[in-house]
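A.B. asks: for reference, the sequence and a predicted model appear below.
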Amino acid sequence: CHDLSFLNVDVLMSLIVGVDDCSSESDVIVVPSALDFVSQDDMLTPLGRLDKYAASENVFNRQMVARSLLDTLREVCDDERECIAVLERISRLADDSEPTVRAELMEQVPHIALFCQENRPAIPYAFSKYLLPIVVRYLADQNNQVRKTSQAALLALLEQELIERVDVETKVCPVLVELTAPDSNDDVKTEAVAIMCKMAPMVGKDITERLILPRFCEMCCDCRMFHVRKVCAANFGDICSVVGQQATEEMLLPRFFQLCSDNVWGVRKACAECFMAVSCATCQEIRRTKLSALFINLISDPSRWVRQAAFQSLGPFISTFANPSSSGQYFKEENKSSEDTSDVFSDDGRIEKIRGADAPEDIEARPTGGDSSVHLEETLAEGAETLRQPPGELSAPAESSSPLRLSPEPPPDAAGSEEEREPCACGLASQPEAGTGAQDSAPLDQELYNSFHFWRTPLPEIDLDVELQQGSGSEPGPQGLDPEVPAPGSASITMATRKELEEMIENLEPHIDDPDVKAQVDVLAAALRASSLDAGDEAGEAPLRAPQDELPSCRLDHDAAGPLISEETMDSALHYIHNDSDSGTSSGFSPDEERRAKVQDVVPQALLDQYLSMTDPSRAQTVDTEIAKHCAYSLPGVALTLGRQNWHCLRETYETLASDMQWKVRRTLAFSIHELAVILGDQLTAADLVPIFNGFLKDLDEVRIGVLKHLHDFLKLLHIDKRREYLYQLQEFLVTDNSRNWRFRAELAEQLILLLELYSPRDVYDYLRPIALNLCADKVSSVRWISYKLVSEMVRKLHRAAPPTFGADLIQELVESFGRCPRWSGRQAFVFVCQTVIEDDCLPMDQFAVQLMPHLLTLANDRVPNVRVLLAKTLRQTLLEKEHFLTSASCHQEAVEQTIMALQMDRDSDVKYFASTHPASTRISEDALSTASSTY
């Protein structure tokens, strides 16, 4: 009986008495039974029992009363007066002198409050009148355990929205403000501040601003107790996110600056940990000008623990500078470059939107994605109606990432402000004779256009000599073209040089699958085509002049006396290609050029420099041994913030992390490489991420699992030709460092199900089929269950393929390898595959009846009962439930019924049971649990 819990322990102990060793029956003591006490309690009403044990001197009894309050309320919930009476008893019990009783009562309050909420018609305002005052009063209780339970109860009540808004304003907040008064107890004050911070997101902006924020600001400046300031600092971000930008900037930021310079390192550390949340609540200007400098101070803090927390928050803080309009995540729209909107930065700093074909062809905006380049075909195919720009409209970048760059002469008034301007990619414009552009553009669209410079280490600039005046050439200098210096070698490219180019292209073509080789071939083809075009211009076109006032616009004027590419520039290109080592990002660049290559304008450069320094080995000694792991963890967010156009700033850091000695760092990158691929786009992914991805495939299992879990997500971003290369490597996933690592193989099976859509039927049959059949025979049943799903999906795909031979061959192999397997586990696997094919409709039932069912029915005579049991379940619960066998009378249905009748007469009782009835279990996983082998 449940009332046994109310029995007085002392009384129960007194019942356990012995019998004296007396020979006379009169000396035997008659002991009353415990059931007598139970029957007495049964005669009491719920309120009577409550009063009886609440008045007990035994602490245990009073604790049990507190625990049984909810049950008592449920017993009397139909009577409003008795409910009110129980709630009044709760108020009296709340005055108990024993802390354990009060704590036990407070643990039950959220459950009682929920009951009151569900029964409001019977007991209206019960919680507000009887329970909430107890919770609020216990917040200042002398006992620590009681205070902790009341705080937890208050937060639970707020989270479940069981406290009315008016009660929060009139009963809860005033008490908390009073508890944080200067003369309040230190522990109580600290706990009250923590409660105020935690309840702010639950009560909303209005109450927080009016009732909590003023006292919170005062607590941030509490000079006597650093514990209070530390709590305020730790919850600063939550308060900022609740009150919004205006209140944060006006009231909270000055306090935050004070906390960041607190003399206690624990307070400064708490500020560093919440820096991202504070940054999210401010405008971009304050974030860039004030918070950045403040964060730099925390990174260089004297305390190692503060620096450690700051570096952990550095990546998240940088991510708050992200701007969706410039992050460059337009992966699915890369092939629609003619429809994309580009930004053109004019002299006065305005941003002009140029849309598709409406854009002037001699202007190309700075790209926001990875699919943008210097379009030579546009410039050489431009007709007589050339759009002209006023002088100084666009300035060429100081360091272009293009392999073929024209450096126009900067305008005279832009000499002092060239570095201050925002760099923009500048297109080329030509002015050929009317009627010639259309003929030349057709063969150039595919041969001259390339955009690899956005996904590969930029080649040294090949500056094209432009004849700006008749008879005078110009040689590019460090800052562009100097028209006053004549070019020493302005003759056309010799036939020998062209022949050398052709030979190099011919030698590189067998290795065109390599992205780096393809990049070199693109450069050589562009140079060869340009030189051939220039030779044609010399033979058939009249010289054109360019007025002096048009020099600043980025135009290429074809002059019969000047070549498109000089011998010297071509020699420099050939020299670089011959000596290209493919080794690092700094090849061919001076240290200053390397530093400038990492300059961007999205986030303050000082923050990015600190982030890039996280891979410095000295940081691990002076800051945190796992600082590289924190860098790797936040790198995708930083990359998204900078945008793919600034990936060159992070490339070297990413490569350093990918080769880190700590496998945890590489594991972190492996788990996020698919997300980074989405951010960078297919071109940058093919150039910079694929080599690292390949390295991860050969790494430790702890690293490989990160790649394997998102294998489909990464491969679907690659070009089909590059994707096919991984078909040869999928077999390697079957080999692990530890053969007992069965979860690795289970994950492989799940990924192969997703990979079916990425490959052709022939590739699926040739490469994925052997792996799937191997997994179906795995030693671990969990791997086999997933593999049955994989094989069934493979049957579906190959059956729907244009040549049906692949599907027929796969089914035949299933029959030979599993249906007729000498081992019973193989034959059982065949039944599982058939069951999955039926359940998921991977084959039309008429095709299943012809290709698989005859072999399935032959297993009714199998000598192993486990196979026959599974066959009976498959036929009775799965096959006969299909419409095809319910409505149509055919020879196949007759064969199934005969097989079931034979199984109903089987000598094994389990086989007869499943062949005769419809058990509740019909899913493959549950069937496998009941019939699987004893392995694992």
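C.D. replies: It's in.

A.B. asks: and the strands in the chain, which stretches?
C.D. replies: 341-345, 351-355, 404-405, 462-463, 475-477, 480-482 (DSSP state E).

A.B. asks: for the fifth one, give the mean pLDDT please.
C.D. replies: It refers to strand 475-477. In this model, strand 475-477 carries a mean pLDDT of 41.

A.B. asks: now swap in the last one and tell me
C.D. replies: Looking at strand 480-482 alone, the average pLDDT works out to 39.

A.B. asks: cool, the fourth one as well?
C.D. replies: Strand 462-463 shows an average pLDDT of 45 in the prediction.

A.B. asks: what's the answer for the first one, then?
C.D. replies: The predicted model assigns strand 341-345 a mean pLDDT of 34.

A.B. asks: can you pull the contacts of D737?
C.D. replies: Residues in contact with D737 (CB atoms under 8 Å, 6 or more residues apart in numbering) are L700, D701. (C-beta placed from N, C-alpha, C; glycine too.)

A.B. asks: my bad, should have said D186
C.D. replies: D186 neighbours (CB under 8 Å, 6+ apart): M225, H227.

A.B. asks: tell me the spacing between it and R102.
C.D. replies: Note on D186: its distance to R102, by CB to CB, to the nearest Å, is 22 Å.

A.B. asks: could I get the buried residue list for stretch 851-871?
C.D. replies: Going by neighbour count (16 or more other CB atoms under 10 Å), the buried part of stretch 851-871 is 851-853, 855-857, 859-860, 862, 865-871.

A.B. asks: list phi and psi for the residue nearest to R137 when sequence neighbours are not counted.
C.D. replies: Setting aside the residues directly before and after it, R137 is nearest to A94 in space (CB to CB, 6 or more residues apart in numbering), at 7.7 Å. The phi/psi pair for A94 (degrees, to the nearest 10) reads phi -70, psi -20.

A.B. asks: what of C223?
C.D. replies: Per degrees, to the nearest 10, the backbone of C223 is at phi -80, psi -20.

A.B. asks: show the pLDDT at it.
C.D. replies: pLDDT, C223: 76.

A.B. asks: isn't the residue nearest to R137 up against L105?
C.D. replies: Yes: taking contacts as CB atoms under 8 Å, A94 lies within contact range of L105: 6.1 Å.

A.B. asks: which of the two has more residues huddled nearby?
C.D. replies: Comparing A94 with L105 by other CB atoms under 10 Å, the one with more neighbours is L105, at 27 against 20.

A.B. asks: for that one, list the residues it contacts.
C.D. replies: Taking CB under 8 Å, 6+ apart, we find L105 in contact with A66, L69, I90, L93, A94, D96, I134.

A.B. asks: can you name the two of those that sit furthest apart?
C.D. replies: Spatially, the most separated pair among the contacts of L105 is L69 and D96, at 12.8 Å (CB to CB).

A.B. asks: more neighbours: which of these two?
C.D. replies: Legend: neighbour count by other CB under 10 Å for L69 and D96, higher for L69 (23 against 18).

A.B. asks: what pLDDT does that one get?
C.D. replies: Taking L69 on its own, its pLDDT is 88.

A.B. asks: quick check, pLDDT for the nearest residue to Q610 once chain neighbours are set aside.
C.D. replies: Nearest non-adjacent residue to Q610, counting by CB to CB, 6+ apart: I299, 5.5 Å away. Here, the pLDDT recorded for I299 equals 93.

A.B. asks: who's in contact with I299?
C.D. replies: I299 neighbours (CB under 8 Å, 6+ apart): R307, A310, F311, L314, Q610.

A.B. asks: what sits closest to the fourth one if chain neighbours are left out?
C.D. replies: Of all residues beyond its chain neighbours, the one nearest L314 is Y611 (5.4 Å), with distances taken as CB to CB, 6+ apart.

A.B. asks: thought the one you found was touching T641?
C.D. replies: No: between Y611 and T641 there is no contact, the gap being 10.4 Å when judged by CB under 8 Å.

A.B. asks: what touches both of these two?
C.D. replies: Common neighbours of Y611 and T641 are listed as I318 (criterion: CB under 8 Å, 6+ apart).

A.B. asks: for the stretch 801-936 of the chain, which spans come out with low pLDDT?
C.D. replies: Within the stretch 801-936 of the chain, the ranges that satisfy pLDDT under 70 run 884-890, 917-936.

A.B. asks: state the pLDDT value of the spatially closest residue to I705 that is not a sequence neighbour.
C.D. replies: Leaving aside its sequence neighbours, I705 sits nearest to F744 (CB to CB, 6+ apart; 6.2 Å). Note on F744: pLDDT of 93.

A.B. asks: let me know how buried F744 is, in neighbour terms.
C.D. replies: With other CB under 10 Å as criterion, F744 counts 20.

A.B. asks: again, but for W663
C.D. replies: Counted with other CB under 10 Å, residues neighbouring W663 total 14.

A.B. asks: ditto for D301
C.D. replies: D301, neighbours per other CB under 10 Å, totals 19.

A.B. asks: pull the contacting residues for the closest residue to it other than its chain neighbours.
C.D. replies: Computed as CB to CB, 6+ apart, the closest residue to D301 that is not its neighbour in sequence is R307, at 5.3 Å. Applying CB under 8 Å, 6+ apart, we find R307 in contact with L298, I299, S300, D301, T622, V623, D624.
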